[in-house]
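Enquirer: Here is my input; please provide its structure:
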Amino acid sequence: MGATASPLRRLNPFRKDRKRWGRRHNPDGTMSLADHLYELRYRLGIALVAVLVGAIFGFWWFSGSLFGLPTLGDLLLGPYCALPVEQRVSPNGSCQLLQTKPFEVFMLRLKVGIAVGAVLFSPVWLYQLWAFITPGLYTKERSFARTFVLLASLLFAAGAVLAYYVVPEGLSFMVGFGGESFMTALTGGEYINFVLLMLIIFGISFELPLILVMLNRAGVVSYAKLKSWWRGLVFALFVFAAIATPGQDPFSMVVLAAALCLLFGIAMLICRAHDRRQAKKRVADGLEGLGLDETSKVDSSASDLSSVGSDPADLGAGRTSVRHDDAT
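Expert: Numbers count the residues shown, from 1 in each chain. Just a heads-up that it's a prediction; the model follows:
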């Protein structure tokens, strides 16, 4: 009698006889707890490997030039170097940050490299996240997942780019309070953390309209509700921008709030078009005017048994009733 395979060997994703998670190999979309846990490890492994590869590239790009492009260090120093010379310390006439601790630059390069890996390979880990929370995807849902990942990546990148151009204005506003009595000498850790935080906040904030569109697609929020809430939504966006921006300067807050209002306006137009298509579909199906908890109008009257013939495709109950009447 052969030995029974161990659970870990049976769930190994690299075995040819492993259990598949896709809809094609698992039509009912059900998975055991062990399969869920192993799939979680599998998805996390792919995401971490992708971020690690990107982190290695970002660590090298910090001081290395690729195809004649500026280094990542020069790009990060751009907002600080954009400050007027009289407002920042310029040793030897150059634009430099201060290192106050041993190995501070190494840790900064490592942190920046991880951030670069997370941004560059965001389509990979976003898809792994989506694939884990929705293991039983149909073909239409899989195409929607690809669209979601693509739009989420583009929106995050757009938010990060906007933040990069906002940071110099925010820094200039904040350091300008001292006038000519103070000069700005930022340490590398404080400045890099501030820039990364701005990039992340703007990038994540740009995902909010996409979440709104997803909720509308799922039937949670309708365009009519959003239209009635638009004043409160605009006010909430400005409050969110005031709390989220780490610089606490009015310029960054206004730019973020204005960008979010524009994106939310586009999202509402998308929701409006989707609701109109759904309404036309309901009219075509004869479901217009029905609530979510109402049943459709069907003919509940009994059919005439005399119309039931001897066709083998007739219902068994119908055939039984006819034969009983004939026998009588």
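
Enquirer: residue contacts, Trp130?
Expert: Each residue near Trp130 by C-beta atoms under 8 Å, 6 or more residues apart in numbering is listed here: Ala145, Phe148, Val149. In short, each C-beta sits where N, CA and C put it, glycine included.

Enquirer: where's the first one relative to Ala152, distance?
Expert: Summarising the geometry, the distance separating Ala145 from Ala152, computed by C-beta to C-beta, to the nearest Å, is 10 Å.

Enquirer: Between these two, which has more neighbouring residues?
Expert: Ala152 (21 against 16; other C-beta atoms under 10 Å).

Enquirer: Just the element for Phe132, please.
Expert: Using DSSP states H and E, Phe132 sits in helix 122-133.

Enquirer: could you give the mean pLDDT of that helix?
Expert: For helix 122-133, mean pLDDT is 78.

Enquirer: need the helices for this structure, in chain order.
Expert: Assigned by DSSP state H, the helices in the chain fall at 7-10, 33-61, 72-81, 104-120, 122-133, 139-175, 188-205, 208-217, 223-228, 230-244, 250-284, 316-327.

Enquirer: any chance of the ones you listed in CSV, with distance to Ser94 too?
Expert: As requested, these are exported to CSV (distance: least, C-beta to C-beta, whole Å):
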stretch, distance to Ser94
helix 7-10, 57
helix 33-61, 21
helix 72-81, 9
helix 104-120, 16
helix 122-133, 34
helix 139-175, 18
helix 188-205, 14
helix 208-217, 40
helix 223-228, 51
helix 230-244, 33
helix 250-284, 27
helix 316-327, 92
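
Enquirer: closest to Cys95 out of these?
Expert: With C-beta to C-beta, the closest approach to Cys95 among those belongs to helix 72-81: 3.8 Å.

Enquirer: how about the CA coordinates for the closest one, as PDB?
Expert: C-alpha atoms of helix 72-81 as PDB (Å, rounded to 0.1, in the frame of the first residue of the first chain):
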ATOM      1  CA  LEU A  72      17.000  59.100  -8.300                       C
ATOM      2  CA  GLY A  73      18.900  61.200  -5.700                       C
ATOM      3  CA  ASP A  74      18.900  64.200  -8.100                       C
ATOM      4  CA  LEU A  75      15.200  63.800  -8.600                       C
ATOM      5  CA  LEU A  76      14.500  63.700  -4.900                       C
ATOM      6  CA  LEU A  77      16.700  66.700  -4.300                       C
ATOM      7  CA  GLY A  78      15.000  68.700  -7.000                       C
ATOM      8  CA  PRO A  79      12.200  70.200  -4.800                       C
ATOM      9  CA  TYR A  80      14.800  71.200  -2.100                       C
ATOM     10  CA  CYS A  81      17.200  72.600  -4.600                       C
END
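
Enquirer: tell me how far that helix is from the chain's mean position?
Expert: Taking C-alpha atoms, centre = their mean, to the nearest Å, one finds the center of helix 72-81 at 28 Å from the center of the full chain.

Enquirer: got the angle between that helix and helix 33-61?
Expert: Here the directions of helix 72-81 and helix 33-61 differ by 70 degrees (axes from the mean of the first three to the mean of the last three C-alpha atoms, to 10 degrees).

Enquirer: for helix 72-81, which positions count as buried?
Expert: If you call a residue buried by 16 or more other C-beta atoms under 10 Å, then helix 72-81 has these buried ones: Leu72, Gly73, Leu76, Leu77, Gly78, Pro79, Tyr80, Cys81.

Enquirer: Let me know which of the helices of the chain is the nearest to Leu98.
Expert: Per C-beta to C-beta, nearest to Leu98 of the helices of the chain: helix 188-205, 6.5 Å.

Enquirer: ok, the closest residue to Gln128 other than its chain neighbours - contacts?
Expert: What sits nearest to Gln128 in space, not counting adjacent residues and going by C-beta to C-beta, 6 or more residues apart in numbering, is Arg43, at 4.3 Å. Counting by C-beta under 8 Å, 6+ apart, Arg43 makes contact with Gln128, Leu129, Ala131, Phe132.
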